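In: heads up, no residue letters with this:
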Ligand code: MEV
């Protein structure tokens, strides 16, 4: 079926948007309108909030919001809020938390908290001339020009940390950067950084125009390409770790502590050297990180992009976690680059985000970094523990059983039957279908 473009869609009311969509794309399936309405929130204030977060909203897309309790982090016992649709993630986190609770729990260290951004520009000028101009005139002007933007942040203990001129002309003709580093304290800082950078771009243009040392041709060649923060923050790192004596590493799968430790360490080494495995290994880490990132109103696309760029920082994609066994001590840790905030953005708006932050004891941004790294490490511990012992499918399919049964339209009574049926068997899609058909045939 051919469709016609719509004019002024954003200006239509929610109901008119839905009417247009259904008429245009799903005229035979009008029940979808009811589904969209079922996901509206009856409480008008919450719905209004959601409608205003993003554009052209016609409904809400809910995610399960779960809790992984028993996380002992730097001596504090926390229950982690996790917004995630994938079965087993919350269960694996809870299991890992419980495993480490009597072994000292998780310890974290903030390594650094620097955020970065760039003004990318093209300028047909000798690099040494630009450097001289930057060092002796421009840098000071850039700082002065942003004083009104940075005032509040400076009062909170942050601001612009440094600005450097980067000569990129060897990579791209006439390409330079103003590379700035920022401390954004408790905010993620995207708006603050981008506002500073846009002012840098404007100031650069004005100051070059005024500068007598540049010729008319040089001045005419200046192009500000873009001013934007970088989501790659290799100097905004938190380390989370667990450690214990090998004798304490009791696993319930029946293998010895030594064998478990060795197999576990080898699985980490494989992720360190093999990008195919590292990708899945890190994906599992991000299961834990993102679920808490979302529950606390942060930007999971930014944390994903950063984590994977960091995992490839040496030119080869590798594991974010590491493991050693030295003198009978098993040590497992993650260095996670992550830029998050506890003020600004959704944090003061979304009622569930406010709940998550209150539940975590209103953490500072640095404390939230620690919690996120722990969640990622715990998730990875849980995944590797299953992978090197029972295999991942046992636990995963147990959780997935309900998804399959729901797809089949099983009643509560039938679901109970399946829980008993699979108590001592591994769940497989095939086995569920075949048992379901047998049961229905009876
Ligand atoms: C599934 O979402 C994540 C795992 O594949 C992670 C891993 O293999 O380490 C279980």
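Out: That came through fine. Everything numeric in this text was worked out from a predicted model, so none of it was measured.

In: can you list contacts of the lowest-mean-pLDDT helix or strand in the chain?
Out: Ranked by mean pLDDT, DSSP states H and E, the helix or strand of the chain with the weakest confidence is helix 393-408, at a mean of 82. Contacting residues not belonging to helix 393-408 are listed as 87-88, 91-92, 386, 414-415, 418-419, 422, 426-429, 432-433, 436 [C-beta atoms under 8 Å, 6 or more residues apart in numbering]. All C-beta spots, glycine's among them, are computed from the backbone N, C-alpha and C.

In: do that again at 10 Å, thanks
Out: When contacts are defined by C-beta atoms under 10 Å, 6 or more residues apart in numbering, helix 393-408 is touched by residues 86-92, 95, 253, 382-383, 385-386, 410-412, 414-415, 417-419, 421-423, 425-429, 431-433, 436-437, 440.

In: got a ChimeraX select line for the buried ones in the residues you listed?
Out: Burial among the contacts of helix 393-408 is assessed by 16 or more other C-beta atoms under 10 Å; the matching ChimeraX selection reads:
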select :87,88,89,90,91,92,95,382,383,385,386,410,417,418,422,427,431,432,436
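
In: so which of the contacts of helix 393-408 reach the ligand?
Out: When contact is defined as C-beta under 6 Å from any ligand atom, the contacts of helix 393-408 meet the ligand at 86, 383.

In: list the buried residues of the least confident helix or strand of the chain.
Out: So helix 393-408, judged by 16+ other C-beta under 10 Å, has buried residues 395-401, 404-405.

In: what is the nearest of those to the ligand?
Out: Lowest distance from the ligand to these (C-beta to the nearest ligand atom) belongs to residue 396, with 7.3 Å.

In: for the ligand, what are the nearby residues on the stretch 251-400 of the chain?
Out: Near the ligand, when you scan the stretch 251-400 of the chain using C-beta under 6 Å from any ligand atom, you find 280-281, 283-284, 287, 383, 387, 392.

In: turn those residues into JSON lines, columns for secondary structure.
Out: Output for those, formatted as JSON lines (DSSP: H, G, I helix; E, B strand; the rest coil):
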{"residue": "280", "secondary structure": "helix"}
{"residue": "281", "secondary structure": "helix"}
{"residue": "283", "secondary structure": "helix"}
{"residue": "284", "secondary structure": "helix"}
{"residue": "287", "secondary structure": "helix"}
{"residue": "383", "secondary structure": "helix"}
{"residue": "387", "secondary structure": "helix"}
{"residue": "392", "secondary structure": "coil"}
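
In: of these, buried ones?
Out: By neighbour count, with 16+ other C-beta under 10 Å, these hold 281, 284, 287, 383, 387, 392 as buried.

In: relative to residue 412, how far out is the spatially closest residue to the last one that is not a sequence neighbour?
Out: Nearest residue to residue 392 in three dimensions, chain neighbours excluded: residue 386, at 5.0 Å (C-beta to C-beta, 6 or more residues apart in numbering). Remark: distance between residue 386 and residue 412 (C-beta to C-beta, to the nearest Å) = 29 Å.

In: so residue 78 bridges to which residues?
Out: Beta-bridge partners recorded for residue 78 (DSSP bridges): residue 71.

In: phi, psi of residue 68?
Out: Note on residue 68: its backbone torsions stand at phi -110, psi 110 [degrees, to the nearest 10].

In: for the ligand, see how far away it is.
Out: Distance, residue 68 to the ligand, by C-beta to the nearest ligand atom, to the nearest Å: 15 Å.

In: pLDDT value on the residue lying closest to that residue once chain neighbours are set aside, please?
Out: Leaving aside its chain neighbours, residue 68 sits nearest to residue 93 (3.8 Å; criterion: C-beta to C-beta, 6+ apart). pLDDT, residue 93: 97.

In: could you do residue 1 as well?
Out: 69.

In: do the same with residue 426
Out: 78.

In: what about the least confident helix or strand of the chain, distance to the chain center?
Out: Between the mean C-alpha location of helix 393-408 and the chain-wide mean there is a distance of 26 Å, by C-alpha atoms, centre = their mean, to the nearest Å.

In: and for stretch 6-25?
Out: 32 Å.

In: can you show me the strands along the stretch 101-250 of the chain?
Out: Assigned strands in the stretch 101-250 of the chain, in chain order: 107-110, 115-122, 159-167, 175-183, 223-230, 237-245 (criterion: DSSP state E, counting those that start in this stretch).

In: just name the most buried of those strands.
Out: Highest mean neighbour count of the strands of the stretch 101-250 of the chain: strand 115-122, a mean of 22 (counted as mean count of other C-beta atoms under 10 Å).

In: within the sheet, what are the partner strands of that strand, with directions?
Out: strand 175-183 (antiparallel), strand 223-230 (antiparallel).

In: excluding sequence neighbours, find me the nearest residue to the closest residue to the ligand within the stretch 301-442 of the chain.
Out: For the stretch 301-442 of the chain and the ligand, the shortest gap (C-beta to the nearest ligand atom) falls at residue 383, measuring 3.6 Å. Computed as C-beta to C-beta, 6+ apart, the closest residue to residue 383 that is not its neighbour in sequence is residue 284, at 4.2 Å.
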